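Asker: Predicted model follows, preceded by the sequence.
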Amino acid sequence: MFAGSFGLLSGLVSQQMISREPTSLLDDVVAVTVPADGGWLGILRTATAGLAARLGFSGEKIEDLRIAVDEACAMLLVLTPPEGDLRCRFEIGSTELTVAISARLRPRAKLPDPSSFAWRVLSGLTSHVGTVCEDNHATIRLIINRPS
Amino acid sequence: MFGVEQVVSNDRVTVKVTGDIDLATADKVGEALIDALALGREVWVDLSAVTFLDSTGIRALVQAHRKADTQGTRLYVFGAQQWVAKVLEVTGVGPLLAPPEEG
């Protein structure tokens, strides 16, 4: 019982750290949360492309970002419990766009191997990808330079 | 709109996929390819009307390609446009799935 409560508490703490740490208060943030179901991926891809277009990204960069966000979301979606949520947070900094995609995972679920097709696509299309996996909560963070 | 269409000719089965291949549709592509392979002919997958492809789609194509190998037949992919072709390239599966050069 005690161990269970402790697990929940540490989960909450780590979530707060994930959302707060890299963002200054001056940044603009767009957050989209959808049910953790593959049927919503098309919506997230469209949102990503729309936002990137508004930020002045070139056609090629928009497409790269659209695929990268889809890939990161798909990676988490196969590991989420039913009825879960998928959170996609776009942090618009002055020089960079950071996309943080996060979800609660099933117990003992693990992100795929770096040699997987998913990682090959992600690392082939983005310059910086990082992952944070704490307790049952995983975040994939993509950082893309904004057009100058 | 996503769709899969199968055309059987004498020497091959052409499977034409339309729309986005992602986590929501990759299984349908995989099933269609397994069905096509069951006819015992070469399977040619037409990606010319595919508007999006990610690694879940790549996995479906590669699994079907392996199944073709074990059955002693072939599975080729053709017609990929722009970023669909790019995803085939960055995952390194383009050459594996490419049809043989003509002539």
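Answerer: Nice, thanks for sending it over.
Asker: isn't A:Ile144 right up against A:Val99?
Answerer: Yes. At 7.5 Å, A:Ile144 and A:Val99 qualify as touching, with contact defined as Cβ atoms under 8 Å. From N, CA and C alone the C-beta is placed, and that goes for glycine too.
Asker: So for the two, which residues contact both of them?
Answerer: Residues touching both A:Ile144 and A:Val99 (Cβ atoms under 8 Å, 6 or more residues apart in numbering or on different chains) are A:Leu65.
Asker: More neighbours: which of these two?
Answerer: Using other Cβ atoms under 10 Å in any protein chain shown as the criterion, A:Ile144 and A:Val99 rank with A:Val99 on top: 25 against 20.
Asker: Now do the contacts for the residue positioned nearest the centre of chain A.
Answerer: Geometric centre of chain A, nearest residue: A:Ile101, 1.3 Å, by Cα atoms, centre = their mean. The contact partners of A:Ile101, by Cβ under 8 Å, 6+ apart, come to A:Val69, A:Ala72, A:Cys73, A:Leu76, A:Leu86, A:Arg87, A:Cys88, A:Arg89, A:Thr139, A:Ile140, A:Arg141, A:Leu142.
Asker: Which of those fall in strands?
Answerer: A:Leu86, A:Arg87, A:Cys88, A:Arg89, A:Thr139, A:Ile140, A:Arg141, A:Leu142 (DSSP state E).
Asker: can you give me the strands for chain B?
Answerer: Using DSSP E, strands in chain B cover B:3-8, B:12-21, B:42-53, B:75-78.
Asker: so which of those strands gets nearest chain A?
Answerer: strand B:12-21 (6.3 Å; Cβ to the nearest Cβ).
Asker: outside of that closest one, which residues touch it?
Answerer: A:42, B:1-7, B:25, B:29, B:32-33, B:36, B:39, B:41-54, B:56-57, B:60.
Asker: Now which of these would you call buried?
Answerer: A:42, B:2, B:4, B:25, B:29, B:32-33, B:36, B:41-47, B:50-54, B:56-57, B:60 (16 or more other Cβ atoms under 10 Å in any protein chain shown).
Asker: Enumerate the residues of chain A near chain B.
Answerer: A:37-39, A:41-42, A:45, A:63-64, A:66-67, A:70-71, A:74, A:77-78, A:116-118, A:120-121, A:124-125 (Cβ under 8 Å from any Cβ of the partner chain).
Asker: repeat that with 6 Å
Answerer: Within chain A, the positions near chain B by Cβ under 6 Å from any Cβ of the partner chain are A:38-39, A:41, A:63, A:70-71, A:74, A:77, A:117-118, A:120-121, A:124.
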